[in-house]
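K.L.:
got a sequence here, can you build the structure:
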Amino acid sequence: MAPTRTLLSGLLGAALLIPGATAAPAAAEAQTIDYHGLRLALPADWRVVDLDRHPDACLRLDLPTLYLGHAGSQSECTGRAVAARADTLHLDPLEGAPERADIPTVTVDTATSLPEAPHRSASNELRYALLRPGVMATVSYGAAPDGVRRVLTRSRAVPVAAPPAPGPVAGPGASPALSTDGAKPRTVQEAFKGEGFDACTAPPQKTMDTWRTASPFGAIGVYIGGPARACAQPRLTARWIQRQVAAGWHLMPIWVGPQPWHNAATGMSTDPSEANAQGRTAAEGAVEAARSLGLPPGTLLYNDVENHKDRATWDAPVVSYLTAWTVRLHELGYRSAAYVSASAGVKTLSAHHHQAPEAMPDVLWVARWNLSASVSDADMGLPARTTQWAGPRRAHQFRGDHDATYGGVTLTIDRSWVDVDPSALGPAAAAPAAAQAAAPAGRKPL
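P.N.:
You can find the predicted model right below:
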């Protein structure tokens, strides 16, 4: 049965259902939306996006929005990290809702019976499976979930033509081992040298299958979580991961943690000691998401740290954050990688490499959009003839946001040249104490 939806007071009619459209009701008015037996009062400045009518719409997490219906292709998505996350709410029928593994899922009877204390979420996203109306409610927020949860808990039931039939509900937890249905199992990250791409949201399976044969790409970067993640990942499941591995894709899981900018929800601390603690927390969140998605120990996890221009302020915190990220990942049995800019992050890490080489990321992925598909020292922004990240430990994002079409299917992507061999990195678990011992006594950790 198709979900019922009615637009009531304070709306501008169908215009509000166009992605990017904004409401313009009187300041004191709220928008009232009926969906699938729920009536919600929204703040007047929220967008409302009908995903059934606009399947290409991106589930952006930086604009206050109510999304209705199952997510489509999200082919309009761009961007990777956002400075400010907004309150968003995504409602789709419980029947057919994806078995998300990257964020917590809590099953309750109705929206009014949400747990008083929200579950911890390293990515500032939560899912509530509402059994009685048969709705999956996914909330996203900046610093705290109180506002968007209040929208949900204040909803009330309204009659619908027929009660929806709830489907199976699954949340994060143990995932099945990666296999190829009887074939020899593939590992998540085999040695790879060639072109890769990343997109803001995991593409549909049909797109992945088409691009596997029609495109030059053999690697894909996928955003598995983090408080600064720009786009929702309704398609990211353990099964999605399994199918890409079975098809031979080299996976590059990306965590979008605190960034070198000033923001209470998404910013990194300027205090190196606090940034160190943030790096450890980021590693723990990334490993939790990786385990839920079936990514085993030994997997390289990439930390996305965007460009910073004020190096005097941010160099020390960035190094402290990424070395703590590395040390904690090693303690947890995973390998460390970092995505940084050539203009700042590479210079920062390279300058401090000698202080704690064992705490540096195992793999370096550099953003330098010079259209050169190589991982040479020059293209990576590293000193000539350096031994830093030598060997198959490099990736170079050489072209940024652009539309690419293969097999008649278009995505907005970044393009990289990847030369990575996880088996050449040594054991995934390192001696954690040595990594922090490089800083002289009395100094804050780098």
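K.L.:
burial measure for Arg53, as a count.
P.N.:
15 (other CB atoms under 10 Å). Where C-beta positions appear, they are placed from N, C-alpha and C, glycine not excepted.
K.L.:
before we move on, what about Pro216?
P.N.:
Using other CB under 10 Å, Pro216 has 13 other residues around it.
K.L.:
would you mind listing the buried residues in stretch 400-416?
P.N.:
Residues of stretch 400-416 classed as buried: 404, 406, 409, 411-416 (neighbour count, 16 or more other CB atoms under 10 Å).
K.L.:
for stretch 271-285, same thing?
P.N.:
Of the residues in stretch 271-285, those buried by neighbour count under the rule 16+ other CB under 10 Å are 272, 274-276, 278-285.
K.L.:
show me those that map onto helices.
P.N.:
Within the buried residues of stretch 271-285, residues falling in helices by DSSP state H are 272, 274-276, 278-285.
K.L.:
circling back to that earlier point, need the buried residues of stretch 400-416 in JSON lines (columns: pLDDT and distance to Phe398).
P.N.:
Shown next, in JSON lines, are the buried residues of stretch 400-416 (pLDDT from 0 to 100; distance: CB to CB, whole Å):
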{"residue": "Ala404", "pLDDT": "96", "distance to Phe398": "13"}
{"residue": "Tyr406", "pLDDT": "98", "distance to Phe398": "18"}
{"residue": "Val409", "pLDDT": "94", "distance to Phe398": "22"}
{"residue": "Leu411", "pLDDT": "93", "distance to Phe398": "17"}
{"residue": "Thr412", "pLDDT": "93", "distance to Phe398": "16"}
{"residue": "Ile413", "pLDDT": "95", "distance to Phe398": "12"}
{"residue": "Asp414", "pLDDT": "96", "distance to Phe398": "9"}
{"residue": "Arg415", "pLDDT": "98", "distance to Phe398": "6"}
{"residue": "Ser416", "pLDDT": "98", "distance to Phe398": "7"}
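K.L.:
which of these lies closest to Gly194?
P.N.:
Gly194 has its nearest neighbour among the buried residues of stretch 400-416 in Ser416, at 9.7 Å by CB to CB.
K.L.:
tell me the spacing between that closest one and Val375.
P.N.:
In this structure, Ser416 and Val375 are 9 Å apart, going by CB to CB, to the nearest Å.
K.L.:
what do these two both touch?
P.N.:
Residues touching both Ser416 and Val375 by CB atoms under 8 Å, 6 or more residues apart in numbering: 395-396.
K.L.:
what about the closest residue to Thr65 other than its chain neighbours, how many neighbours?
P.N.:
Among residues not flanking Thr65 along the chain, Arg47 sits closest, at 4.4 Å (CB to CB, 6 or more residues apart in numbering). Using other CB under 10 Å, Arg47 is surrounded by 23 other residues.
K.L.:
Arg47 contacts Pro64, doesn't it?
P.N.:
Yes - using CB atoms under 8 Å, Arg47 makes contact with Pro64 at a distance of 6.9 Å.
K.L.:
re earlier: what is the most widely separated pair among the buried residues of stretch 400-416?
P.N.:
The widest separation within those, taken as CB to CB, falls between Val409 and Ser416 and amounts to 19.3 Å.
K.L.:
list the helices and strands the longest strand seen in the chain packs on?
P.N.:
Using DSSP state E to assign secondary structure, the strand with the most residues in the chain is strand 393-406. With contacts taken as 3 or more CB pairs under 8 Å, 6 or more residues apart in numbering; DSSP states H and E, strand 393-406 sits against strand 192-198, helix 205-214, strand 363-367, helix 377-380, strand 409-420.
K.L.:
repeat the analysis, applying 6 Å as the threshold.
P.N.:
Judged by 3 or more CB pairs under 6 Å, 6 or more residues apart in numbering; DSSP states H and E, the packing partners of strand 393-406 are strand 363-367, strand 409-420.
K.L.:
all set now, cheers.
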